[in-house]
Structures are given as C-alpha cells and as structure tokens.
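Student: let me see the structure of the following:
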Amino acid sequence: MLRFINKEFYTKLLLLFIIVQPVLDILTYFSIQSLNINVTVGIIFRVLFMVVSLWFIFFGNSSRLKKYVIFYLMAMFVVFGIGLVYNYFAKPIFDPFVELQFVAKTVYFFIMLCSYLLLFTNIDRKNDVSHRILRAVSVAMFIVSLTMFIAILTGTSSSTYEWNKFGFKGWFFSGNELGSIVAVSFPLTYLYALIKSDGLKKVYYFIPVVMLAAVSILIGTKVGYFAVLGAGIIVFLCYLVYWSIQMIRKAKEPLTNMRLIFSFVFLALFLLVTPFSPSFSNVSGDVGAINEQAEQKNNETEQNKSNGEPSEKPGEETEPEQDQKNKEQNLMESPILKIILSSRNIYFTELYNDYLDAAPMQKMFGMGYAGNYKENPKLIEMDFFDLFFSYGIMGFLFILVPFLLIVGLFVKLLFQVPGRLLHPENMLILLSIGLGTGIAFLAGHVLYAPAVNIYLAISMVLLIINMLKLNKQRKEA
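Tutor: Sure thing, here's the model as predicted:
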C-alpha cells in the first residue's frame, strides 16, 4: 500500500482527515468519559496519519524543497533525542511514556506543516487544492457547530468550567482546545464563504460561519469570542478600504459591495447578541475581578501611607538590585496577572527556577516534560515557554524556524508588493496564524495539541504558498 502514497492519494487522505477531526475529538471525549483510558481513537488515528505523512515526506513527493525539509526534521529529531537521553539520567523523575508522548505531540505539528508544504510545492493546481482544503475545514467546523447545538439542546453537553464561570463545550473533552480550534479555524471558514458566495443565491455558504460564531460565544472562553470579533472587524475594515478605493477610482465591483454588506451585517449581529452570551458574562466577571483587585491594592497603599509605614524596609531592600527583584516578584505574583493568565504566571516561576538551577546540558537541550519536577508534573500551559524549558535553547531554535521564515518573507513582500500582500484573503489567513500563535503564547493548547495545530499548520502553509506565488510574480514582472 505504501507505494501508492503519492501526491494524489495524500491530498484525498488529507481532505478526509481534516473533515473527521471533530469526529475523532468526540470519540476521544466518550472514550475518556466511559472507559477512562489514555490511548483513545483520536490518538491512534492521528499517530497513523503522522506515519503516513512521514512516508510522504521521505518517499511520496518530488518537491524542490524536499531535501531542506528532510534535513530540518532530521536535525530536530536529533536535538530532541539528545535531550531525551540526557534527561533519562538527569531528571529526578523520568516517566518514559509521558516524555515520549510529549515529544510525539510536539513533532506532530512540524511533520504536518512540512508534509503540507511539500504537497503544495509538488502540485500544479494550487488554487484548486487550497479551496478544497478550505472547504474541508468549513465542513469540519459545521460538524463542530452542529454537534455542539445538539448536545446543548439534548442536555448532554459538558460544562466548560467547573465553577464560577459559565459555558458549554458539547461533546468535546477540553474547552480550551475547543476554543482554540474555533479561533484558528474561524478565519478560514469565513474566507471560504467569501470566496464561494459570488451572489445572493450562494449566501448559504455563510451558514457554517454564523453557526461557528454562535459556538464561539457559547463556549464561554475569551479566546473563541475575541477571535470571531477580531475576524469580523478585520474583514469589514478590509472591504471598507477596498470599497473606498474603488469609489475614488470609479471602478465599482459588485462582489466588493456584496461582501462589504455581508461583513457589516455579520459584525453587527455578532455585537448585538454578545451581551446575552456566556463569553460576555465571563469576560465581565474577569474585568470586575481585575478592578476589585486594583482597588484593593490602592486602598492598601493609601492605608500604609496614612499610617506612616514605608513601602520598603530599610537596609538592603532599598538597594537597586533588591528593588528590581521585588518589582519582578510582585509582577509575577500580581493578582491581576493571575486572573488574566489563569495562574499560569505561578507555574512559569516554578519552571523558570528549575531552569536556572539546571545543568548546562539541560539549558541547551531542555529539561523534558514539565521540567525537573519532584512530585506532580505541571506545564505552564503557555506553549512557547513550555517548549523552551522542555527542549532548551537548541530545540527552541528549531521550533522557531517556520515562524521566523514566515515573518521574514512577509516583511520582505510588505515593502515590495504591499497592496497584493494585504489582500483580504491573506489578511484572514494571517489572522488565523496570529490567533494561533497568540493563543499558544498566552493560553497554550496549540503547538503540542494535535487536535488544534493541524489547523494552524494549514493556515501557515496557505500563507507561505500565497507569498511564494507573489514573490515569483514580482520577479517575473
């Protein structure tokens, strides 16, 4: 069978794999709820697809970038392997299953990214395949939305939060991952609707967009809500600018007028229903808690001043170095920061201290999963920090390579062909990437979450292909 894994077969398999993503997540939820097992259907299918993708990378394509991709992946595997072997002897507690599972989750994203890139650089009809992939994402998000509504209406939906806050996560195991999936995928779903709806008769392409927007506010997380809000604002502003330019040049295009109206109606409706949503209630609660903490801190400061108490103890505490240390400690222990980051600042401090005390080899190649823990392992759940502490300076440099390449090519084209680069299509894809990386930085559950990072990999490759196409057109002009 493996000899049939070529670009045609892999394209069909990829489209099917994207569509069944929510099905795998739902099966994972019921497997954990009913059987309480760690090895789920979702893990099995994703591992199998990762193996197929590796085979495609090494043997199933003839892309001009193949040798560079293989070198990159092999070098990454070597660096991760060195850290894994060293930590086997150096860590206070080394759980082989947990460590290997974390490495597999990490490399999954980069294998998917590289396989998609080789696929697109090895086919002729890039636009056709891009639209088919966007359609697959749209279908997957329609399944997410539909099952979410069915779960809520039947009273079988699980709650996003256990206490204090309110929200639904349907038949999905993690509310954070579901919110991240919605955030990264929404701009792609919106983009597909804009591409396909070239008339009022095709307005039904916006059904998945509206349904997914409703899901974003029902989940109750900040991530999903602000992702949809940001996408709505950016699309409306982009088409408003395009419409204004066309009015000045007196070159009207019916599609621009229609898409401007659609984007305005969508944004207006989303803002109208926001006050009645779980997300609005939860965000309002967070804002209230932050204001309460700030007011409490101000009252304590004023009380200390009125009592004549110094803000710093005399002696060594007044030294510049000690003052700086106190400021850093107060920042990391700030109640406001604790609310915004959901206590992630506390876990960051623990892992950061582990890293400072680590051996030079661990500084270079990482401390492995959750650092040098002595009791219960705990990640920060801020992906870039988790990956830096887990894989060290060397491993983190390899992790950053795809992001740095995208930034470098984008900045280059921004000065050379700004108008074509900032087309609404590219802006939506860029928004998807920005949301994915932003969520990875602040809230986690993206770069080493296979259920989420498949969508981020798609966005990154779509933008790379568009930018390579613009770069080629610029050179030929």
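
Student: so where's the stretch 251-400 of the chain uncertain?
Tutor: Low-confidence segments of the stretch 251-400 of the chain, defined by pLDDT under 70: 252, 283, 285-295, 297-343.

Student: what about the strands in the protein?
Tutor: Using DSSP state E, the strands of the chain run over 158-159, 168-170.

Student: of those strands, flag the one that's most buried.
Tutor: Mean neighbour counts were taken over the strands of the chain using mean count of other C-beta atoms under 10 Å, and the top value, a mean of 24, falls to strand 168-170. For every residue, glycine as well, the C-beta is placed using N, CA and C.

Student: what helices and strands are in contact with that strand?
Tutor: For strand 168-170, the contact count by 3 or more C-beta pairs under 8 Å, 6 or more residues apart in numbering; DSSP states H and E identifies helix 126-153, strand 158-159, helix 175-196, helix 207-219 as packing neighbours.

Student: okay, now the sheet partners of the second one, with direction.
Tutor: Sheet partners assigned to strand 158-159 using DSSP bridges are listed as strand 168-170 (antiparallel).

Student: from the chain's centroid, how far away is the partner strand?
Tutor: Counting by C-alpha atoms, centre = their mean, to the nearest Å, strand 168-170 is centred 19 Å from the centre of its parent chain.

Student: average pLDDT for it?
Tutor: Strand 168-170 shows a mean pLDDT of 94.

Student: also stretch 29-41?
Tutor: For stretch 29-41, the mean pLDDT works out to 80.

Student: next, the buried residues of it.
Tutor: Within stretch 29-41, the residues scored as buried using 16 or more other C-beta atoms under 10 Å are 29, 31, 40-41.

Student: just the helices in the stretch 201-350 of the chain please.
Tutor: For the stretch 201-350 of the chain, the helices defined by DSSP state H, counting those that start in this stretch occupy 207-219, 222-249, 254-273, 278-306, 320-332, 335-340, 344-357.

Student: how far away is Asn6 from Ile123?
Tutor: Applying C-beta to C-beta, to the nearest Å, the value for Asn6 to Ile123 is 11 Å.

Student: so what's the residue count around the closest residue to Ile143 other than its chain neighbours?
Tutor: Of all residues not flanking Ile143 in the chain, Pro22 sits nearest, at 4.5 Å (C-beta to C-beta, 6 or more residues apart in numbering). If you count neighbours by other C-beta atoms under 10 Å, Pro22 ends up with 25.

Student: quick one: residues contacting Pro22.
Tutor: Contact analysis of Pro22 by C-beta atoms under 8 Å, 6 or more residues apart in numbering lists 140-141, 143-144, 147.

Student: check what pLDDT it gets.
Tutor: 96.

Student: please identify the most buried of the helices and strands packed on strand 168-170.
Tutor: Of those, the one with the most neighbours on average (mean count of other C-beta under 10 Å) is helix 175-196, at a mean of 26.

Student: touching, Ile393 and Met367? I think so.
Tutor: No: the pair Ile393 / Met367 is not scored as a contact, 11.9 Å apart, by C-beta atoms under 8 Å.

Student: the two: who's more crowded?
Tutor: Taking neighbours as other C-beta under 10 Å, Ile393 and Met367 compare with Met367 leading, 27 against 12.

Student: looking at it, the more buried one is touching Asn87, isn't it?
Tutor: Yes: using C-beta under 8 Å, Met367 is in contact with Asn87, at 6.6 Å.

Student: with adjacent residues omitted, what lies nearest to Asn453?
Tutor: Leaving aside its sequence neighbours, Asn453 sits nearest to Phe109 (C-beta to C-beta, 6+ apart; 4.1 Å).

Student: make that Ala443, sorry
Tutor: Once flanking residues are discounted, Ala443 sits nearest to Val223: 5.8 Å by C-beta to C-beta, 6+ apart.

Student: separation between the one you found and Val51?
Tutor: As judged by C-beta to C-beta, Val223 and Val51 stand 31 Å apart.

Student: repeat for Phe80
Tutor: Distance from Phe80 to Val51, counting by C-beta to C-beta: 17 Å.

Student: which one's more surrounded, those two?
Tutor: Legend: neighbour count by other C-beta under 10 Å for Phe80 and Val51, higher for Phe80 (24 against 12).

Student: right, and that one touches Phe110 too?
Tutor: No: between Phe80 and Phe110 there is no contact under C-beta under 8 Å: 10.3 Å.
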